[in-house]
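Chemist: Could you work out the structure for the sequence below:
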Amino acid sequence: MKKKYYIETQGCQMNEYDSDKMKDLLKKNMDFEPTLAKEEADILIVNTCSIREKAQEKVFSLLGQWRKLKNKKPDLVIGVAGCVASQESSEISLRAPYVDMVIGPQTIHRLPEIYKDSLKSNKTVIDVEFPLIEKFDNLPSVTEAKFSEFVTIMEGCSKYCSYCVVPYTRGTEVSRPLNDILEEIDILVKNGTKEIILLGQNVNAYFYDDGKGNFVNFGLLLFYIARNKGIKRIRYTTSHPNNFDEQTFLAYEKIPQLVSHLHLPIQSGSDRVLAAMKRGYTVLEYKSIIRKLKKIRPEMTFSSDFIVGFPGETDNDFSQTIELIKEIEFEQSYSFIYSKRPGTPAASLEDNISEDKKKERLNYLQSTINSLSKERSKSIIGKNVEILVEGVSSKYNDMVTGRTTNNKIINIPGTEKLIGKLLKIHVTELNNKTLKGEVLTT
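Modeler: Prediction:
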């Protein structure tokens, strides 16, 4: 009987991608099969994220629960992967010596060897090195694909924002070779993928030098990818304002598969706060990018990241953030109260804002964006749009849900047979926050 694995994924899309690759390794290289029941598993892995405060404690709390399973099943192998593994490897082996494997984000490809070593060892096996290119060279080839798939094109970050741990947990920026990316995408498309989502901590910092005098930046990469006619949509996340260039703007002019939605983190609408965050741009420079994109595509929509309550943020600083949100009309945000991350420059700044004030600001920011999103949803009622069907509706029976090119979710009548299809639909109503429509063509 095959052994079984269970993987719990925390955090960003990069972790989702890494978890999928670990599942491939477990199935193809190690002959494991998945289980949804932790109690049945022979190997438990948590793929962790350390962006938010107290992330480590949440991991240790989860490990404490898994220890009870190991007490009942001594042969159970427990692994910690991801950013907390990279940042807290020594602490994990000290506080949770029953953990068998600690695997960094760049060493997931070594999972079969680490697993074998853990079976022989009486202590935690730790591998948190940064062999970035080696990782992609040693992951299994894709043999199955969903209609929408993530493809990591680069890893790490070299921006060193004052509040962020990513450069320390995932390393500095390293880009994958162009041909490796195109080959992975080609295999996905041949297996049925219609939408490609490009991933990177700083995805538009992609830059590949083949050593022969040929250079490929992010904008040029988009053109290479778009040559594959099987791709219906191209998305990417997460980008940085400082890495937008003319070639990327040209891609929005020339590549119809590139969607009309952009997630572009700004973090604050105050130049003073942005400087303290070491973001490397001003609000005016950020707005210049938005203006250029709206000129190319008037229907373009935007989402962003915001940190509320950064040390020293005044009422005026926060007001400037709200003004920016209203001006750009952000439709969605990943917004959080500032979390002090040990080892980052911002951790030494005086945190002089009360928790009540931070929560008040966060609630106001989120309600402002929700209101703007609802107004835009109302504006497309009665219009004909195209959606890519993503799955069965979680809210309505006998309906499926799809996404427009500018990121609006719409429910239509249908079954799972429609998943992965591009459909022309007529938007009929807005029920609370949910848009509905009907199919015009199939």
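Chemist: All the helices of the stretch 151-300 of the chain, in order from the start?
Modeler: Counting by DSSP state H, counting those that start in this stretch, the stretch 151-300 of the chain has these helices, from start to end: 166-169, 178-190, 218-226, 246-254, 271-277, 283-296.
Chemist: Mind listing residues that contact the helix or strand harbouring Lys326?
Modeler: Under the criterion of DSSP states H and E, Lys326 resides in helix 315-328. Outside of helix 315-328, the residues that reach it under the criterion Cβ atoms under 8 Å, 6 or more residues apart in numbering are 266, 268-270, 272-273, 283, 287, 290, 302, 304, 306, 308, 333, 361, 364-365, 368-369, 372. C-beta: built from backbone N, CA, C; applies to glycine.
Chemist: So among those, which ones count as buried?
Modeler: By neighbour count, with 16 or more other Cβ atoms under 10 Å, these hold 266, 268-270, 273, 283, 287, 290, 302, 304, 306, 308, 333, 361, 365, 368-369, 372 as buried.
Chemist: Next, format the helices of the stretch 151-300 of the chain as JSON lines and append mean pLDDT.
Modeler: Shown next, in JSON lines, are those (pLDDT from 0 to 100):
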{"stretch": "helix 166-169", "mean pLDDT": "83"}
{"stretch": "helix 178-190", "mean pLDDT": "94"}
{"stretch": "helix 218-226", "mean pLDDT": "97"}
{"stretch": "helix 246-254", "mean pLDDT": "97"}
{"stretch": "helix 271-277", "mean pLDDT": "98"}
{"stretch": "helix 283-296", "mean pLDDT": "98"}
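Chemist: who wins for proximity to Asp20 among those?
Modeler: Nearest to Asp20, of all the helices of the stretch 151-300 of the chain, is helix 178-190, at 11.7 Å by Cβ to Cβ.
Chemist: Could you export the closest one as PDB, CA atoms only?
Modeler: Provided in PDB are the C-alpha atoms of helix 178-190 (Å, rounded to 0.1, in the frame of the first residue of the first chain):
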ATOM      1  CA  LEU A 178      14.200  32.000 -20.900                       C
ATOM      2  CA  ASN A 179      14.100  28.600 -22.600                       C
ATOM      3  CA  ASP A 180      13.300  26.900 -19.300                       C
ATOM      4  CA  ILE A 181      10.300  29.100 -18.800                       C
ATOM      5  CA  LEU A 182       9.000  28.700 -22.400                       C
ATOM      6  CA  GLU A 183       9.400  25.000 -22.300                       C
ATOM      7  CA  GLU A 184       7.500  24.700 -19.000                       C
ATOM      8  CA  ILE A 185       4.700  26.900 -20.500                       C
ATOM      9  CA  ASP A 186       4.600  24.900 -23.700                       C
ATOM     10  CA  ILE A 187       4.100  21.600 -21.700                       C
ATOM     11  CA  LEU A 188       1.400  23.200 -19.700                       C
ATOM     12  CA  VAL A 189      -0.500  24.500 -22.800                       C
ATOM     13  CA  LYS A 190      -0.200  21.100 -24.400                       C
END
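Chemist: Go ahead and measure how far that helix is from the middle of the chain.
Modeler: Put simply, helix 178-190 sits 20 Å off its chain's centre (Cα atoms, centre = their mean, to the nearest Å).
Chemist: quick thing: my sequence starts at 364, can you match it?
Modeler: Got it, the first residue is 364 from now on, which makes the last one we talked about helix 541-553.
Chemist: how far off helix 581-589 does it point, in degrees?
Modeler: For helix 541-553 against helix 581-589, the angle by axes from the mean of the first three to the mean of the last three Cα atoms, to 10 degrees is 40 degrees.
Chemist: buried set for helix 541-553?
Modeler: So for helix 541-553, counting by 16+ other Cβ under 10 Å, buried means 541, 544-545, 547-549, 551-552.
Chemist: Let me know the closest of these to Ile618.
Modeler: Closest to Ile618, out of all of the buried residues of helix 541-553 and judged by Cβ to Cβ, is Ile548, at 14.2 Å.
Chemist: coming back round to it: the helix holding Lys689: what's the following helix or strand?
Modeler: Per DSSP H and E, the first helix or strand lying C-terminal to helix 678-691 is strand 695-700.
Chemist: Which element is encountered next along the chain beyond that next one?
Modeler: That would be, after strand 695-700 and using DSSP H and E, helix 718-742.
Chemist: looking at this structure, which helix or strand is least sure?
Modeler: Taking mean pLDDT, DSSP states H and E as the measure, the helix or strand of the chain with the lowest value is helix 495-500, at a mean of 60.
Chemist: which regions of the chain lie under the pLDDT threshold?
Modeler: Along the chain, the model assigns pLDDT under 70 to residues 414-417, 493-508, 804-805.
Chemist: where exactly do the strands run in the stretch 364-513 of the chain?
Modeler: With DSSP state E, counting those that start in this stretch as the criterion, the stretch 364-513 of the chain has strands at 367-372, 396-397, 406-411, 440-445, 464-466, 488-490, 511-515.
Chemist: Save those as TSV, and put in mean neighbour count too.
Modeler: Putting these into TSV (neighbours: other Cβ atoms under 10 Å) gives the following:
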stretch	mean neighbour count
strand 367-372	19
strand 396-397	12
strand 406-411	25
strand 440-445	26
strand 464-466	26
strand 488-490	20
strand 511-515	21
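Chemist: Export these to TSV and append columns for distance to Ser757.
Modeler: Shown next, in TSV, are the strands of the stretch 364-513 of the chain (distance: least, Cβ to Cβ, whole Å):
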stretch	distance to Ser757
strand 367-372	19
strand 396-397	22
strand 406-411	24
strand 440-445	27
strand 464-466	32
strand 488-490	38
strand 511-515	17
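Chemist: can you tell which of those is closest to Asn715?
Modeler: Using Cβ to Cβ, the strands of the stretch 364-513 of the chain put strand 406-411 closest to Asn715, at 30.4 Å.
Chemist: how far out from the middle of the chain is the closest one?
Modeler: With Cα atoms, centre = their mean, you get 18 Å for strand 406-411.
Chemist: Now do it against strand 367-372, angle only.
Modeler: 10 degrees.
Chemist: Pairing partners for strand 406-411, with directions?
Modeler: Strand 406-411 has its sheet partners listed here by DSSP bridges as strand 367-372 (parallel), strand 440-445 (parallel).
Chemist: Residues contacting it, please?
Modeler: Contacts to strand 406-411, defined as Cβ under 8 Å, 6+ apart, come from residues 366-374, 378, 381-382, 385, 389, 395, 401, 418, 422, 425-426, 429, 432, 439-448, 464, 466, 478.
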